[in-house]
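In: Next come a sequence and a model predicted from it.
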There are 2 protein chains.
Amino acid sequence: MALEPLALDLPTVVERPVMPAGFRAATTTAGIKSSGRPDLGVLATTGRPASVAAAFTTNLVRAAPVMLSEAHLADSEPSGGGHWGHAAAVISTSGCANAATGPDGDADQLALAEALAGTLGVEPGLTLALSTGLIGTRLPVGRVQAALPELVGRLAASDEALAALAEQMCTTDSRPKWASSTLEMLDRDGWPRTVTISGIAKGVGMIHPRMATMLALLLTDARVDPGVLHGMLSPAVERAWNQLTVDGDTSTNDTVFLLASGAAGATSPTLASPAAAQLARGVMAVARSLARQQAADGEGATTLITCQVSGALDDDEARAVARAVVASSLVKAAIHGRDPNWGRIAAAAGNARRGDRPVTLSAERLAIGLAGTDVFRGRPLDFDAAAISRLMDAPEVLLRLDLGVGEGSGEAFGCDLSEQYVVENSAYST
Amino acid sequence: MALEPLALDLPTVVERPVMPAGFRAATTTAGIKSSGRPDLGVLATTGRPASVAAAFTTNLVRAAPVMLSEAHLADSEPSGGGHWGHAAAVISTSGCANAATGPDGDADQLALAEALAGTLGVEPGLTLALSTGLIGTRLPVGRVQAALPELVGRLAASDEALAALAEQMCTTDSRPKWASSTLEMLDRDGWPRTVTISGIAKGVGMIHPRMATMLALLLTDARVDPGVLHGMLSPAVERAWNQLTVDGDTSTNDTVFLLASGAAGATSPTLASPAAAQLARGVMAVARSLARQQAADGEGATTLITCQVSGALDDDEARAVARAVVASSLVKAAIHGRDPNWGRIAAAAGNARRGDRPVTLSAERLAIGLAGTDVFRGRPLDFDAAAISRLMDAPEVLLRLDLGVGEGSGEAFGCDLSEQYVVENSAYST
């Protein structure tokens, strides 16, 4: 019996930019990127401030936009400690990370928050910031300030505006990432309302587990209290972005925001209600779609690698093994060469750790499936290497492991390692 | 004041193969490697069995030679639990890892041990094994058994024989690795005896911290009890091989053996004696030289990267930060491009962890030196990027960090990431 793909209980997602009710956006070229492509964007609510949940990088070197956003969230909702709160707008800059820039960089980021707040007529503490690009360079504050009034004048509540924001975020991405899902929730009179959950994200280098890798902005027109919203975001971060690796590097700027406008008219679900669980599955599905798009567009990547693990001691161990496999340079290089070298998959799985502790795994109980064919079950199996190699020449390669020790399951997402990754990353700043 | 290289208190090492007294070796081509290069080697003592200390891979998928060697050491000296004991010979096979081969692979490895022991006239339990190559394929046991009698007949106590063994171990290595150091110890009458410590090793892919990465064989003609010998090997493994990374992958076969023949005539030092400390420094110096040679010869590498960290909370944290920096794909790619993109160094340092815990590090206290020039000290410094780029075009690039929080220091060794790494590793088994 061959190893089958994991069955996942998630709603349908379309890969389209759909602006949920209650939000508007606009972008422009302020002169941060030397390429002349759009590098400044603003997302704002159409009405009162949105509920916000956030996840930030665990890198000890934290960029100025990360520190500012966390501080503003903590100010807006002290009980959230910087993890949730309220916001009326997000400023997104690309081409400069504003990381490792010292006190000057902090002052630059605050100046942008004040300029945005002044233009919108809100408190600076109700603004958040996303930034990505080169570390150690300063933002051109004057140029961004000068561009804001015209930009804010063009804020639009359209799908096209959300698409433009997704494109503005990109740096070395070859394409923007977007995903959307809908569900029905009830309004206060018991009538059904369609609620939309949308997300945009940017990859595509310096991506690795240990949090909310990279930038992602999730929007919903559901009404949700900030603390409840954070309870929906955390498992999505854990199962989508913490399971995504491109190159093993965790950025100084990684941020995920989930904003809920409440504009769909549905009532606010209480924690642990069926409605909250349904919404949380929608958030999870959108997050998973974005993470997979990010992996597929990893720098230099030619194929998405999905590793699904079953039979682990628990779900955490399954996810740790899946991460170890998609993070292995040797596995990534073998898949780039469409080489069914499953020994590297076994070796990578054997390196899996949870913190300092090894996972429960032994070669005798291990089974490995590669692109739909079982190749190892405690000992090498006979297989047609040329046939598997042909199956691996696809936009997605599934690696399937069963540890044979328990009921835990999980997955992780990565990409192959190509010469092009090295080419792109050995000539970036100079 | 610029950051200076760390001062290390280690004896002089020459990069030459020097066979210590009491050992002999020979190699041949048994037909394991398809290239027709030497793939079978034997090291044996000239007299009674040597004391042995060992360090094995922490990968949960352990190759047959690792399990056999550990079991034999445990049998020869139950108090050592497999970490130390006695051995009369080591069989070295290259071209086949004999890993993930199931019970058949274990039987193959035992058959080779019995054949070697029979030919030498010793107990099978006094033999150890080293193997490297493709995972998941079987050893050609019959061909190896057939080659052993002629091979054992040629065992020679010469530097050339040790050099040949170093070459036989190699797979994708571009050159063999060897190092040697001498010191004086006293014999039982108080006269000085020259003691030699030598090492050979192979790299060069699937190399990463979390133990005794790869294969290394250290030999000394000092007389040392196995338990004391293990006390000398452990810190050398910790400071040399656990600080070495090529690609972040820890192999199924990683093994370091340290054998002491006692043939130099010096007396056995007691634990914690000045003589033991002097010998331990020699072991450390040889191990460090081998680890640096392995890093420099990493698959596709064009330069050795040494990262030295000072001002850490303790030595462990310094080593963790140094490892994180040399393991970063983005740092490695930047150095390949001779790009003084120090922001990636700051970001990599910020990702350092000891197990699940972050190290103590903040951007405000961090200082970074790149190829002899300080580039960051709490904030970006002005520097001549073109001049640093020229200095980086060298066989070794030194990255120097000071964390500014304590007295801990340490170093780690790696190499740049080149297109050639991907080329070599995307077409290996097929």
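Out: Here it is on my side, so go on. Numbers count the residues shown, from 1 in each chain, chains lettered A, B, ... in the order given.
In: Outline the domain layout of chain A.
Out: A:23-296, A:304-425 (automatic domain parsing).
In: Identify the bridge partners of A:V90.
Out: A:L43, A:L128 (DSSP bridges).
In: okay but it is in contact with A:L126, surely?
Out: No - counting by CB atoms under 8 Å, A:L126 is not a contact partner of A:V90; they are 10.3 Å apart. Quick note: C-beta positions are derived from backbone N, CA and C, even for glycine.
In: what's the neighbour count on the closest residue to A:L155 other than its chain neighbours?
Out: In space, and not counting its chain neighbours, A:L155 is closest to A:R24: 4.2 Å by CB to CB, 6 or more residues apart in numbering or on different chains. By the measure other CB atoms under 10 Å in any protein chain shown, the count of residues near A:R24 is 19.
In: for A:A264, same thing?
Out: Number of residues near A:A264 (other CB under 10 Å) recorded here: 21.
In: now swap in A:G300 and tell me
Out: 24.
In: ok so it is a helix residue?
Out: No - using DSSP: H, G, I helix; E, B strand; the rest coil, the assignment for A:G300 is coil, not a helix.
In: What about it? Give its phi and psi, please.
Out: phi 80, psi 0 (degrees, to the nearest 10).
In: is it true that A:P140 touches A:S34?
Out: No - using CB under 8 Å, A:P140 is not in contact with A:S34, being 11.1 Å away.
In: about what we covered before: what about the residue nearest to A:L155, which SS state?
Out: Using three-state DSSP, the structure places A:R24 in strand.
In: and it, what does it touch?
Out: Going by CB atoms under 8 Å, 6 or more residues apart in numbering or on different chains, A:R24 touches A:L43, A:A44, A:T45, A:T46, A:L155, A:A156, A:A157, A:S158, A:A161.
In: Wait, the third one touches A:P20, no?
Out: No - taking CB under 8 Å as the contact criterion, A:T45 and A:P20 are not neighbours in contact, 10.7 Å apart.
In: can you list residues touching both of the two?
Out: Common contact partners of A:T45 and A:P20 (CB under 8 Å, 6+ apart): A:S261.
In: circling back: for the residue nearest to A:L155, give its distance to B:M169.
Out: Using CB to CB, to the nearest Å, one gets 65 Å for the distance from A:R24 to B:M169.
In: repeat for A:A363
Out: Taking CB to CB, one finds A:A363 at 24 Å from B:M169.
In: Of those two, give the one with the bigger neighbour count.
Out: B:M169 (28 against 22).
In: Now the phi/psi pair for A:V66, please.
Out: According to degrees, to the nearest 10, A:V66 has phi -70, psi -50.
In: Quick check: residues of the stretch 51-200 of chain A near chain B?
Out: Where the stretch 51-200 of chain A comes near chain B, counting by CB under 8 Å from any CB of the partner chain, the residues are A:58-62, A:97, A:99-104, A:134-137.
In: Which among those residues count as buried?
Out: A:58-62, A:97, A:99-102, A:134-137 (16 or more other CB atoms under 10 Å in any protein chain shown).
In: Make CSV from those and add pLDDT and secondary structure to it.
Out: As requested, those are exported to CSV (pLDDT from 0 to 100; DSSP: H, G, I helix; E, B strand; the rest coil):
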residue, pLDDT, secondary structure
A:T58, 81, coil
A:N59, 84, coil
A:L60, 86, coil
A:V61, 87, coil
A:R62, 89, coil
A:A97, 91, coil
A:A99, 90, coil
A:A100, 89, coil
A:T101, 92, coil
A:G102, 92, helix
A:L134, 83, strand
A:I135, 85, coil
A:G136, 88, coil
A:T137, 90, coil
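In: May I ask which two of those are separated the most?
Out: Farthest pair in these (CB to CB) is A:T58 and A:T137. Separation: 23.0 Å.
In: show me where pLDDT drops low in the stretch 201-350 of chain A?
Out: Applying pLDDT under 70 to the stretch 201-350 of chain A picks out residues A:204-213, A:246-250.
In: ok and the residue in it nearest chain B?
Out: A:G343 (2.5 Å; CB to the nearest CB).
In: Run through the strands of the stretch 1-150 of chain A in chain order.
Out: For the stretch 1-150 of chain A, the strands defined by DSSP state E, counting those that start in this stretch cover A:23-28, A:40-45, A:50-56, A:84-87, A:89-96, A:127-134.
In: Can you lay out these as JSON lines showing distance to B:R390?
Out: Below are the strands of the stretch 1-150 of chain A laid out as JSON lines (distance: least, CB to CB, whole Å):
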{"stretch": "strand A:23-28", "distance to B:R390": "39"}
{"stretch": "strand A:40-45", "distance to B:R390": "36"}
{"stretch": "strand A:50-56", "distance to B:R390": "38"}
{"stretch": "strand A:84-87", "distance to B:R390": "47"}
{"stretch": "strand A:89-96", "distance to B:R390": "26"}
{"stretch": "strand A:127-134", "distance to B:R390": "21"}
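In: about what we covered before: which of the contacts of A:R24 sit farthest apart?
Out: The most distant members of the contacts of A:R24, if one measures by CB to CB, are A:T45 and A:S158, lying 14.9 Å apart.
In: These two: who's more crowded?
Out: Using other CB under 10 Å, the more surrounded residue of A:T45 and A:S158 is A:T45, with 24 against 14.
In: List the contacts of the more buried one.
Out: A:G22, A:F23, A:R24, A:A87, A:A88, A:A89, A:L259, A:S261.
In: Identify the residues contacting the second one.
Out: Meaning A:F23. Under the criterion of CB under 8 Å, 6+ apart, the neighbours of A:F23 are A:L43, A:A44, A:T45, A:T46, A:A50, A:A157, A:L162, A:L219, A:D221, A:L259, A:S261, A:A263.
In: ok so, going back, between the domains of chain A, which one is closest to B:W178.
Out: Among these, domain A:304-425 comes nearest to B:W178, with 25.9 Å by CB to CB.
In: what about the closest one, distance to the chain center?
Out: 22 Å (CA atoms, centre = their mean, to the nearest Å).
In: Just give the closest residue to A:G408, not the sequence neighbours.
Out: Closest to A:G408 by CB to CB, 6+ apart is A:A312, at 3.6 Å.
In: If you count neighbours, what's buried in the strand or helix carrying A:S181?
Out: Assigned by DSSP states H and E, A:S181 falls within strand A:177-186. Of the residues in strand A:177-186, A:K177, A:W178, A:A179, A:S180, A:S181, A:T182, A:L183, A:M185 count as buried by neighbour count, 16+ other CB under 10 Å.
In: How confident was the prediction at the third one?
Out: You'll see A:A179 listed with a pLDDT of 94.
In: Report the separation between it and A:R319.
Out: On the measure of CB to CB, A:A179 and A:R319 end up 21 Å apart.
In: cool, and the last one?
Out: Going from A:M185 to A:R319 by CB to CB gives 30 Å.
In: which regions of the stretch 1-150 of chain A sit below the pLDDT cut-off?
Out: Along the stretch 1-150 of chain A, the model assigns pLDDT under 70 to residues A:1.
In: end to end, how far does stretch A:5-21 reach?
Out: 36 Å (CA to CA, to the nearest Å).
In: Show me which residues of it are buried.
Out: Buried residues in stretch A:5-21 (16+ other CB under 10 Å): A:V13, A:P17, A:V18, A:M19, A:P20, A:A21.
In: Ok, stretch A:381-394 next?
Out: A:A385, A:I388, A:S389, A:L391, A:M392.
In: which residues touch it?
Out: Stretch A:381-394 is contacted from outside by A:T303, A:I335, A:R338, A:D339, A:P340, A:L370, A:A371, A:G372, A:T373, A:D374, A:V375, B:T430, using CB under 8 Å, 6+ apart.
In: Of the residues you listed, which is the nearest to B:P38?
Out: Closest to B:P38, out of all of the contacts of stretch A:381-394 and judged by CB to CB, is B:T430, at 24.0 Å.
In: Now for the contacts of A:R24, which sits with the most neighbours around it?
Out: Going by other CB under 10 Å, A:L43 tops the contacts of A:R24 with 28 neighbours.
In: Pretty sure A:L165 is one of the things it touches, is it not?
Out: Yes - contact criterion CB under 8 Å: A:L43 and A:L165 qualify, at 6.2 Å.
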